[in-house]
Structures are given as C-alpha cells and as structure tokens.
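Undergrad: Using only what follows, build the 3D model:
(chains A and B)
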Amino acid sequence: MTAAPAPTINLTSVLVDDQEKALAFYTDMLGFQPKNDIPMGEHRWLTVVSPEHPDGVELVLEPDEHPAARPFKEALVADGIPYTSFAADDVVAEHERLVALGVRFTQPPTAMGQITTAVFDDTCGNLIQIAG
Amino acid sequence: MALMENESEASLYRALAEPTRRVILDELQKRDGQSLFELRARLATRHQISSSRQAISQHLAVLEEAGLVRSRRVGRTKLHSLSTEPLRSILERWPFLTEEHP
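TA: Here you go, the predicted structure:
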C-alpha cells in the first residue's frame, strides 16, 4: 500500500467583524480579487485571492461571531500582534501605497533581521503584517 | 547620616539594573511609540534576545513604574515611548563636575 499524499493547504482565514466591509477593504485597498461568494444563511462563504495567483491559496473572510473571537482579537490588537502576514516584494513601496489610500499602520517598515516588516489595521478588528 | 532613597529613586535604579530593560530603552529611542509586538521583534532580530511576550511585558511594567517608559493607546493598540525625565535625579544626586578638568 502506498502512502496517501499529504493534504494541500488551500485556505487561510481572517476573522472579520463585518464581511461586506472586509470585502471592500481586502479588494479596494489591498488589491485582492473576489473568488467565492456563496450565501450561507446569515453569513457568506466569502474568499479572496491574490491577482497573481487566482488559483492559489484563498483567504476566507470569516465572521468573528463566536463569543471567544472578539476578546481574542482585541488582546492581539492591544499588544500590536498581527493576526496573519502577507508577502510583499517591496514593503516600503507597499506601505507608501496603502498610506496614500488612508490605511493606518501601527508599525512602519522596519528592518527585522533578513526581512522588512510593517503592520497595519484592516479596519475589521485585526492587525495584518506585510513582510518581504 | 544614612541617605534615605525614596521609592521612585529605588524603582529607577532597579529598572536600569537589568540588561534587557536597557536594550528596550535603546530601541524605544530609535523609534517613538512601539507596540509590544514590535519591541519583541526588534529584541529578537537585532539583539538575539528571545524573551517571552510575558517577560517583555513585565520589563515594560517595571520601566513604566520607574517613569522611564510611557504608554498610550492609539486606536486599540498600546504604544510605548521613552521618557528620560527620571534620569535627571541621577545628575542631581551626583552632578557632572566640569571644574575638575582645568
């Protein structure tokens, strides 16, 4: 019997306080593309992808309605801890672009060892890191 | 007559007596208004200090008690700044004497 291949990582998620607002931020501001938008009762199965990788990993904009989600998110934000991190070829240029769009950063581009990182507020209750 | 150090002086020297806390002050001098996350990343990547989040948080509390660090909320994030005002008491106690160098 041959071993089954390892499962594929195809989704990651951020817990958002409002899916409609999140879709606007993650597409209009960050530049991701809508992928799936399926009604699921009160909420939607809502995902976006990088324009360069339309068949790549999907980011699920997931409602943070579980009672434990908001205190968890608030504790991360208080300490400045990003919920997740996205890759950027040029973090300094991306920071400039997002600031011009009105995005608020808690940490400007900073050299951290081999990489440069910056952290911004996604307006949906999360801090997000860009690194490259 | 024995010198009685007041509590704020004692907390100042206690705060300064720990190497990681002095590095935290160095990093806050480089950029004003840092979150716990940013400080921890700076300590890890620039100083090879891989203290836990809790340890850094405690160091910041000691520095705040000594008046060397101030914190404020921007949005919902707590940002820390260097405050050198308490250092004045050191020079008041042991003034810098230029007249000793004719």
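
Undergrad: contacts, neighbours, all on C-alpha from now
TA: OK.

Undergrad: Chain B versus A:Thr27, what's the distance?
TA: Here the criterion is Cα to the nearest Cα, to the nearest Å. By it, A:Thr27 lies 23 Å from chain B.

Undergrad: what sits against that residue?
TA: A:33-34, A:48 (Cα atoms under 8 Å, 6 or more residues apart in numbering or on different chains).

Undergrad: any chance of those residues in a markdown table, with secondary structure, distance to A:Ala88 and pLDDT too?
TA: Shown next, in a markdown table, are those (DSSP: H, G, I helix; E, B strand; the rest coil; distance: Cα to Cα, whole Å; pLDDT from 0 to 100):
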| residue | secondary structure | distance to A:Ala88 | pLDDT |
| --- | --- | --- | --- |
| A:Gln33 | strand | 16 | 98 |
| A:Pro34 | strand | 19 | 98 |
| A:Val48 | strand | 17 | 98 |
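
Undergrad: The residue nearest to A:Met112 when sequence neighbours are not counted in helix, strand or coil?
TA: Sequence neighbours aside, B:Thr45 is the residue nearest to A:Met112 in space, at 5.4 Å (criterion: Cα to Cα, 6 or more residues apart in numbering or on different chains). Secondary structure for B:Thr45, judged by DSSP: H, G, I helix; E, B strand; the rest coil, is helix.

Undergrad: before we move on, what about A:Trp45?
TA: Strictly by three-state DSSP, A:Trp45 counts as strand.

Undergrad: Tell me the confidence at it?
TA: For A:Trp45, the pLDDT comes out at 98.

Undergrad: for the one 10 residues further on, same thing?
TA: Taken from the predicted model, the pLDDT recorded for A:Asp55 is 97.

Undergrad: For it, give me its contacts.
TA: By Cα under 8 Å, 6+ apart, the neighbours of A:Asp55 are A:Val49.

Undergrad: now the strands: where do they sit in chain A?
TA: In chain A, the segments counted as strands under DSSP state E are A:11-16, A:33-40, A:43-49, A:58-63, A:84-87, A:105-112, A:115-121, A:127-131.

Undergrad: Could you measure from the residue nearest to A:Met112 over to A:Glu20?
TA: Separation of B:Thr45 from A:Glu20 (Cα to Cα, to the nearest Å): 37 Å.

Undergrad: Compare the contacts of A:Thr27 and tell me which has the most neighbours.
TA: Greatest neighbour count in the contacts of A:Thr27, by other Cα atoms under 10 Å in any protein chain shown, goes to A:Val48: 23 neighbours.

Undergrad: can you tell me which residues contact it?
TA: A:26-27, A:32-36, A:58-61 are the contacts of A:Val48 under Cα under 8 Å, 6+ apart.
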